[in-house]
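Chemist: After the sequence you'll find the predicted model.
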Amino acid sequence: MKKIFLIITILAPMFLMAQSDGDMFDLSSVYYQGTAKSAAMGNAMGAVGGDFSAITINPAGLGMFRKSSFVFTPEFYAISTESTYKGDSGSDRAFRLPMNNIGLTWTQDFNGNALKSVSFALGINKLNNYWFNSYVNGNNPNTSLIDAYIEQLYQNGIYDDYALEDYSPNGIFPLWETYLLDFYEGGIIDSEVPQGGLNQQYGISKRGASREFSFAAGFNINEKLFLGASVNIPYFDKTLTKDYKETNLDKNGAFRNWSQNEVVKNSGAGINAKLGAIVYPVRWLRVGAAFHTPSLYKVEESWYTETYSSFIDGAHNYISPTGTYTYTVTTPYRLNASAALIFGNFGMITADYEFVDYSKMSASSYDYNYSSFNKYIRNTYKSTSNIRVGTEWRWQTMAFRAGYAFYGSPLGFNETDYRTNSYSLGWGFTYHRFTLDAAYVFSQRQNSYNLYEQYSEYPAFYQNQTGEWVADDTKVKETTNINQVVISFKFRLD
């Protein structure tokens, strides 16, 4: 009676389907988090160079450094999410003070040769900030999440607690341990939780970031051609906490409420390389291109759940064993093309285009076959484009900057879920060997999902007014706003 299905793929090594492909996307997505100059110009730095965070986009920009330097960049990061579910609203917020980057560059001149200089860089740039809070709250007159679980058990032939423990030890089995569902003769599965008449709450708390330690070299050839390469060690840590709760709106009912808290922690490190070139065909134009190889990560993950139920005659609690697993993730390659219009020493307008195919994400392990999961990734995720534009204008020792960035949805360029728009402004000031840069960035993204699909791929059915059995609509719509204040301190060393 034990049927192997895709959900087993998730519950065994990666805990839940919604989290596993979400983990893959988090690890594969890059929202450049560099210096204040780069942030102010929308991170459209592929053809600009001369900035430490530009190395993350196109390492050829390192060849444009003239002097050795040291830079570090703290920021203030605030994120808020507004949600709607069943006509009700919810909101949540998070704040932190992270470090965006820290880096050292040094340059060796070669006078009289075609090779004018070689520059090297060593340091860390942030690739993605995982901090996120979301809260969903609404009354459901039709179903409970447990109805979706029961449908899942029927569809997969799970009719006793022994099979259930083997099938879903962290997700559904804890509900049996806390008297939230039970098995009866004749293949009947039922629950004391009523079908509808429930207040439902769902919260997500995500913490962590991905960063990249880089060693890069850039070459200046006759002030016309700049070449660069880097070897990078990306690394990350992330903790995802999900809280789900249902409360009986009937205060006289035997059932009161139940909740489940899930915690998934993963961390890891990998390796990749980047190659780039920038060409000066004429004095007023720079053209750049870069290739980022896929990153190969080794990921270590752990997870557990805590489930609580309350009835009129007592309460029950169950904490699942902590599971651990190690697997390998391969992220997509990236292609970058860029151009910058140069207006003497006074200003520039720059644009970057980036192509990434999220269907190339994959997972593997020496003791598990991920072919079904990787097929799901290929069928769900698509290629997309990221577009960034920026400008900088100088007056005496000051610089004024602005930018815009568009990050396409991993579900396809025309999709809106997870699409991100960023708007930025900035200012810079140089005094002798010291430069202070500041930027403000506002980003917004929208997302929608079905609440029950965060736990089960099966819908919950109920009888409508005409007596038909229909799937419950549990769609959640979210809007996320991100505010960043970024400050860079740069010191010239020679």
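Modeler: All right, it came through fine.

Chemist: do you know how far residue 312 is from residue 198?
Modeler: In this view, residue 312 and residue 198 are 16 Å apart by CB to CB, to the nearest Å. Where you see a C-beta, it was placed from the backbone N, CA and C, and this is true even at glycine.

Chemist: Kindly report the same for residue 294.
Modeler: Following CB to CB, the distance that separates residue 294 from residue 198 is 45 Å.

Chemist: between the two, which one's more packed in?
Modeler: Using other CB atoms under 10 Å as the criterion, residue 294 and residue 198 rank with residue 198 on top: 26 against 19.

Chemist: Enumerate every residue touching that one.
Modeler: The contact partners of residue 198, taken as CB atoms under 8 Å, 6 or more residues apart in numbering, are 139, 140, 144, 246, 247, 248, 249.

Chemist: where does the nearest residue to it once chain neighbours are set aside land on pLDDT?
Modeler: Spatial nearest neighbour of residue 198, excluding adjacent residues (CB to CB, 6 or more residues apart in numbering): residue 246 at 4.7 Å. pLDDT, residue 246: 97.

Chemist: correct me, but residue 246 touches residue 258?
Modeler: Yes - using CB atoms under 8 Å, residue 246 makes contact with residue 258 at a distance of 5.7 Å.

Chemist: So for those two, which residues contact both of them?
Modeler: By CB under 8 Å, 6+ apart, the residues touching both residue 246 and residue 258 are residue 193.

Chemist: Who has more neighbours out of those two?
Modeler: The residue with more neighbours, out of residue 246 and residue 258, is residue 258; 28 against 24, by other CB under 10 Å.

Chemist: Next, the residue nearest to residue 198: phi, psi?
Modeler: phi -120, psi 130 (degrees, to the nearest 10).

Chemist: ditto for residue 44
Modeler: When read as degrees, to the nearest 10, the backbone of residue 44 gives phi -90, psi 70.

Chemist: So it sits against residue 338, correct?
Modeler: Yes - counting by CB under 8 Å, residue 338 is a contact partner of residue 44 at 7.1 Å.

Chemist: Please narrow the contacts of residue 198 to those residing in strands.
Modeler: Per DSSP state E, strands hold the following members of these: 139, 140, 246, 247, 248.

Chemist: helix, strand or coil for residue 447?
Modeler: Put simply, residue 447 is strand when judged by DSSP: H, G, I helix; E, B strand; the rest coil.

Chemist: Please, which helix or strand holds residue 147?
Modeler: For residue 147, the host element (DSSP states H and E) is helix 145-155.

Chemist: just so I have it, where are all the helices in this structure?
Modeler: 6-9, 17-28, 36-40, 54-57, 145-155, 161-167, 173-177, 371-380 (DSSP state H).

Chemist: Minimum distance to residue 104: which of those helices has it?
Modeler: With CB to CB as the measure, helix 54-57 is the member of the helices of the chain nearest residue 104 (11.5 Å).

Chemist: could you dump the closest one to CSV, C-alpha only?
Modeler: Only the C-alpha atoms of helix 54-57 are listed here, as CSV (Å, rounded to 0.1, in the frame of the first residue of the first chain):
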residue,chain,number,x,y,z
ALA,A,54,31.2,45.4,-10.8
ILE,A,55,33.5,42.4,-10.5
THR,A,56,30.5,40.3,-9.6
ILE,A,57,28.8,41.2,-12.9
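
Chemist: how about the strands in the stretch 1-150 of the chain?
Modeler: Taking DSSP state E, counting those that start in this stretch as the criterion, the stretch 1-150 of the chain carries its strands at 69-85, 88-96, 99-109, 115-129, 132-140.

Chemist: Mean neighbour count added to the ones you listed, as JSON lines?
Modeler: Converted to JSON lines, these look like this (neighbours: other CB atoms under 10 Å):
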{"stretch": "strand 69-85", "mean neighbour count": "19"}
{"stretch": "strand 88-96", "mean neighbour count": "14"}
{"stretch": "strand 99-109", "mean neighbour count": "19"}
{"stretch": "strand 115-129", "mean neighbour count": "20"}
{"stretch": "strand 132-140", "mean neighbour count": "20"}
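
Chemist: looking at the ones you listed, which is closest to residue 485?
Modeler: strand 69-85 (4.4 Å).

Chemist: Packing partners of the closest one?
Modeler: The helices and strands touching strand 69-85, judged by 3 or more CB pairs under 8 Å, 6 or more residues apart in numbering; DSSP states H and E, are strand 88-96, strand 99-109, strand 132-140, strand 475-492.

Chemist: The longest one pairs with which strands, and in what direction?
Modeler: Using DSSP bridges, the strands paired with strand 475-492 in its sheet are strand 69-85 (antiparallel), strand 434-450 (antiparallel).

Chemist: okay, the ones you listed in a markdown table with distance to residue 471 next?
Modeler: Formatted as a markdown table, those follow (distance: least, CB to CB, whole Å):
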| stretch | distance to residue 471 |
| --- | --- |
| strand 69-85 | 16 |
| strand 434-450 | 9 |
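
Chemist: Would you mind giving these as CSV with mean pLDDT added?
Modeler: Putting the strands paired with strand 475-492 into CSV (pLDDT from 0 to 100) gives the following:
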stretch, mean pLDDT
strand 69-85, 95
strand 434-450, 95
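
Chemist: out of the ones you listed, nearest to residue 327?
Modeler: Judged by CB to CB, the one of the strands paired with strand 475-492 that comes nearest to residue 327 is strand 434-450, at 24.4 Å.

Chemist: For that closest one, buried residues please.
Modeler: Neighbour-count burial for strand 434-450, counted by 16 or more other CB atoms under 10 Å, picks out 435, 437, 438, 439, 440, 441, 443, 445, 447, 450.

Chemist: Quick check, the third one in contact with residue 484.
Modeler: Looking back up the chat, that one is residue 438. No - taking contacts as CB under 8 Å, residue 438 lies outside contact range of residue 484: 11.1 Å.

Chemist: Nice, that's everything, thank you.
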